[in-house]
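Undergrad: Okay, sequence plus prediction incoming.
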2 protein chains.
Amino acid sequence: MTKRITFLLLIVFILAGYQAVSSQKTSSPPKSSRSKTAGTFNGYELVDKTGNIRKPADYRDHFEILGTWFVLDPKGNQMHYTYASPGTAEYYRKNGKFADGTVLVKEVDGTTHAQMTTGDAHWAADYIQWFVMIKDDKQRFPNNALWGDGWGWALFKPDAPDKQIATDHKKDCLPCHIPAKANDWIYVQGYPVLKSK
Amino acid sequence: MTKRITFLLLIVFILAGYQAVSSQKTSSPPKSSRSKTAGTFNGYELVDKTGNIRKPADYRDHFEILGTWFVLDPKGNQMHYTYASPGTAEYYRKNGKFADGTVLVKEVDGTTHAQMTTGDAHWAADYIQWFVMIKDDKQRFPNNALWGDGWGWALFKPDAPDKQIATDHKKDCLPCHIPAKANDWIYVQGYPVLKSK
């Protein structure tokens, strides 16, 4: 009798354990947020073995915004949306730096404007280009000219939006970032979320 | 004996059931992504029984950006960031409307600017105010003047950032939205993500 009860109690524990494992599997977050952990995003899912960088397809839906720049230019105003992989700002506020694997996407748009109830309002229109950067603390691709100075660098244009066209980050990318060298090449002053929520 | 086994099997099922419930609780996704489902966000977690609306604390980290407006004004330029609860754009693209429970946060900021490598660049500085809207398909608060025309409406200022200060949406909120009435009071033209990724 005692043996039988022990056996049944064993079944109880086995079933309870199975139930726990199975619940964990089925209640995992949906795909849309799976990568949303505290500041650690695996940007290297976008990089092949030789260092070629793909532009993330769904950054507008699933990345967070660090900030938007509006550039007044007589030849055509621009709006620059800087998106970051989920968790970037939270990690930066805690650690004062970008996590290895962080992905930044700077979407550069033309603009249009109109007199609206709020005033002379300008907003984004067509894509002009995208800059993508992936944080690299480990010098993963020493022989690839698009990797260096702590990041991977990439450029995409709307006529072939998935084709990376930069060839040398020191010529194609870095010059515009030199004034921000002390902040790991990023113009952090435009991103208040890096300082506070 | 049969009774005893039946009783023990009953315990098995009760424990297994308890385990399932408890696992669902403990293995729920982390706070940062808990609400990230496909287009259905329960904005009513921000609303009390009488319809008072709270401003979501973590929208900068966890909401998606619909778009940013830049308002040129001789008295002081402004930048308006329109954040939306997770899944908003995806739902809108599929259904052509905002889901019941959708939360919009329009953060209005002062700006600063400088001549940068990209040109005369303007970016967000201090908070000026926040508008919050919660989509309501069910006329939940017919006796609350801050609810009506398909939305709950709220206004917050930086001197008391958690204190809702609007009193009547028809006077305090709606007038500025009248030109957008045909689009459910939202200036969707400034939000390209509602049309495509």
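TA: Received, thanks. A quick note: this is a predicted structure, and the numbers were derived from the prediction, not measured.
Undergrad: list the contacts for residue A:131?
TA: A:104-106, A:108, A:153-155, A:173 (C-beta atoms under 8 Å, 6 or more residues apart in numbering or on different chains). Every C-beta, even on glycine, is put in place using the N, C-alpha and C of the backbone.
Undergrad: try 10 Å
TA: A:55, A:80, A:82, A:104-108, A:153-156, A:166, A:172-173, A:176-177 (C-beta atoms under 10 Å, 6 or more residues apart in numbering or on different chains).
Undergrad: now residue A:113
TA: Counting by C-beta under 10 Å, 6+ apart, residue A:113 touches A:77, A:120-123, A:125, B:69-72.
Undergrad: Give me the buried entries from those residues.
TA: For the contacts of residue A:113, a neighbour count by 16 or more other C-beta atoms under 10 Å in any protein chain shown gives the buried set as A:77, A:121-123, A:125, B:69-72.
Undergrad: Tell me the pLDDT of the residue most central in space within chain A.
TA: Among the residues of chain A, the one closest to the centroid is residue A:85, at 2.3 Å (C-alpha atoms, centre = their mean). Confidence at residue A:85, expressed as pLDDT, is 97.
Undergrad: From residue A:100, how far off is it?
TA: 11 Å (C-beta to C-beta, to the nearest Å).
Undergrad: Mind listing the shared neighbours of those two?
TA: Overlap of the contact sets of residue A:85 and residue A:100 (by C-beta under 10 Å, 6+ apart) consists of A:40-43, A:134-135.
Undergrad: ok so, going back, please narrow the buried ones among the contacts of residue A:113 to those residing in strands.
TA: In this view, the buried ones among the contacts of residue A:113 that belong to strands under DSSP state E are A:121-123, A:125, B:69-72.
Undergrad: Give me the neighbour count for residue A:48.
TA: 9 (other C-beta atoms under 10 Å in any protein chain shown).
Undergrad: I figured it hits residue A:140, correct?
TA: No. Residue A:48 is not in contact with residue A:140 according to C-beta atoms under 10 Å; the separation is 11.5 Å.
Undergrad: tell me the contacts of the closest residue to the residue nearest to the centre of chain A other than its chain neighbours?
TA: Once flanking residues are discounted, residue A:85 sits nearest to residue A:41: 3.6 Å by C-beta to C-beta, 6 or more residues apart in numbering or on different chains. Contacts were defined as C-beta under 10 Å, 6+ apart; by that measure residue A:41 touches A:35, A:56, A:63, A:84-88, A:91, A:99-103, A:134-135.
Undergrad: quick one: residue A:177 is in a strand?
TA: No. Counting by DSSP: H, G, I helix; E, B strand; the rest coil, residue A:177 is located in no strand; its state is helix.
Undergrad: Strands - which of the shared contacts of residue A:85 and residue A:100 land there?
TA: A:134-135.
Undergrad: Among the shared contacts of residue A:85 and residue A:100, list the two that are farthest apart in space.
TA: A:40 and A:134 (13.3 Å; C-beta to C-beta).
Undergrad: For chain A, which segments count as helices?
TA: Listed in chain order, the helices of chain A (DSSP state H) span residues A:2-26, A:59-62, A:88-95, A:169-172.
Undergrad: and the residue nearest to the centre of chain A, what does it touch?
TA: Neighbouring residues of residue A:85 by C-beta under 10 Å, 6+ apart: A:35-36, A:39-43, A:46, A:56, A:59, A:62-64, A:91, A:98-99, A:101-105, A:134-135.
Undergrad: at 8 Å what do you get?
TA: Shown in contact with residue A:85 (C-beta under 8 Å, 6+ apart): A:35, A:41, A:43, A:56, A:63-64, A:101-104.
Undergrad: and residue A:184, how many residues sit next to it?
TA: Residue A:184: 16 surrounding residues under other C-beta under 10 Å.
Undergrad: Repeat that for residue A:119.
TA: With other C-beta under 10 Å as criterion, residue A:119 counts 15.
Undergrad: how far away is it from residue A:192?
TA: Distance from residue A:119 to residue A:192, by C-beta to C-beta: 22 Å.
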